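**Q** Pasting the sequence and the predicted model now:
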Amino acid sequence: MSSAAHPLSVPSPRRGRRRDRIAVVGYGYWGSKHVRVLSSTPGVDVVIVDGGPARLAEAAAHYPTAKRAASLDEVLDTVDAVVIATPPATHAALALRALEAGKHVLVEKPMATSVEDAELLVKTAARQGARLMVGHTFEYNAAVWKLRDLVRSGELGKILYVDTARLSLGRYQSDVNVIWDLAPHDISIVSFILDEVPSCTTVWAHSHISRQHADVAYLRFDFPVSQTRAYVHVSWLTPKKVRQMTVVGQHKMAVYDDLSDNERIRIYDIGVDVEEIDAATQAHALPVTYRTGDIVSPYVPFQEPLLVQDQHFLECVRAGAVPATPGERGLEIVRVLAATDELSGVAGLDVVAGAAASTGRTTPEGSGHVGRR
């Protein structure tokens, strides 16, 4: 893909037909963003659904002409599609209700909080002939597409490992831990650029503020086809917001910084070469040479990923296109997240470093055990 344009098509309004009516369920952090994007899209009428009177009042102040409702059932028969941006524990029930009514559904990440619920959503969508799409927003990010191109073109060489950090202060969740809240982004990005799903995970997680859910976690994911590992650090308890990914290749390295204004991708012509040991006297040290070269920041035009994602969802609704992030994709990520639960276990208990669990993919290491203290 050229870095000058995103490959997904922009939807055109239906000519000679009524406007599309999209219900956005949940007017919180992500729901309000969906309402903003969809309200500015030609040919779309947004229906805002939220059970909180204060949030509905806020929505009315910003979007006075939009229809509002306290529950999805009030408007389900009158809309064409549903966007679900409520707390994760409610995703499955709401999505199932909409799918059973034959509505197309875009559900925020994670698609569900259990593998069983995610599987049910995929099966229901197929049975009803409805489009089920998961909100893996970063897979609609032009910088992530550029990073994928760098990896797949071979410019970086064999990928040795990927390191990610998604850190901030606050936004504690009541129904999921920090892994389920933040790690879906990084799991989906790494899986997207490597074109495979991890087979095994290792987890360290701890709750420092509340015993209810872990707020800091370090994860390792094994990718068997590319023989690559990814190291993911997520935290709700860090003073500085960080959204960064480093891809280390044998030839070059790339850094993706989502918070950068004008250098979201930087390519480093830098690396380490191991030299052969010719004499026994050299065996005490590993002889290496360090390569340093240019640092290049390719131009990546910015287009709001949520806008690209929601426009793609509209194209799926209007033209029957297959989502780039279908329900099956959401199910894959839920399986990986569920594997971390095998290790995290009961909330508030530490996971002993080195424990590993299978994500449902065949792996030489197999499943490990869970150790707690």
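**A** On my side now, so go ahead. Numbering: from 1, shown residues only.
**Q** Could you list the low-pLDDT ranges of the chain?
**A** 1-17, 275-287, 343-357, 360-373 (pLDDT under 70).
**Q** where do the helices sit along it?
**A** 29-39, 53-62, 91-100, 115-128, 142-153, 178-194, 305-319, 327-344 (DSSP state H).
**Q** and the ones you listed as JSON lines, adding distance to residue 163 and mean neighbour count?
**A** Where C-beta positions appear, they are placed from N, C-alpha and C, glycine not excepted. Output for the helices of the chain, formatted as JSON lines (distance: least, Cβ to Cβ, whole Å; neighbours: other Cβ atoms under 10 Å):
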{"stretch": "helix 29-39", "distance to residue 163": "26", "mean neighbour count": "20"}
{"stretch": "helix 53-62", "distance to residue 163": "37", "mean neighbour count": "14"}
{"stretch": "helix 91-100", "distance to residue 163": "29", "mean neighbour count": "22"}
{"stretch": "helix 115-128", "distance to residue 163": "27", "mean neighbour count": "18"}
{"stretch": "helix 142-153", "distance to residue 163": "13", "mean neighbour count": "20"}
{"stretch": "helix 178-194", "distance to residue 163": "10", "mean neighbour count": "25"}
{"stretch": "helix 305-319", "distance to residue 163": "22", "mean neighbour count": "21"}
{"stretch": "helix 327-344", "distance to residue 163": "17", "mean neighbour count": "23"}
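**Q** could I get these as JSON lines with distance to residue 253?
**A** JSON lines is the format used below for the helices of the chain (distance: least, Cβ to Cβ, whole Å):
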{"stretch": "helix 29-39", "distance to residue 253": "32"}
{"stretch": "helix 53-62", "distance to residue 253": "43"}
{"stretch": "helix 91-100", "distance to residue 253": "36"}
{"stretch": "helix 115-128", "distance to residue 253": "34"}
{"stretch": "helix 142-153", "distance to residue 253": "10"}
{"stretch": "helix 178-194", "distance to residue 253": "14"}
{"stretch": "helix 305-319", "distance to residue 253": "24"}
{"stretch": "helix 327-344", "distance to residue 253": "25"}
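**Q** wait, which of those is closest to residue 260?
**A** helix 142-153 (8.9 Å; Cβ to Cβ).
**Q** Remind me what the closest one packs against, helices and strands.
**A** helix 178-194, strand 237-249, strand 253-257, strand 265-274 (3 or more Cβ pairs under 8 Å, 6 or more residues apart in numbering; DSSP states H and E).
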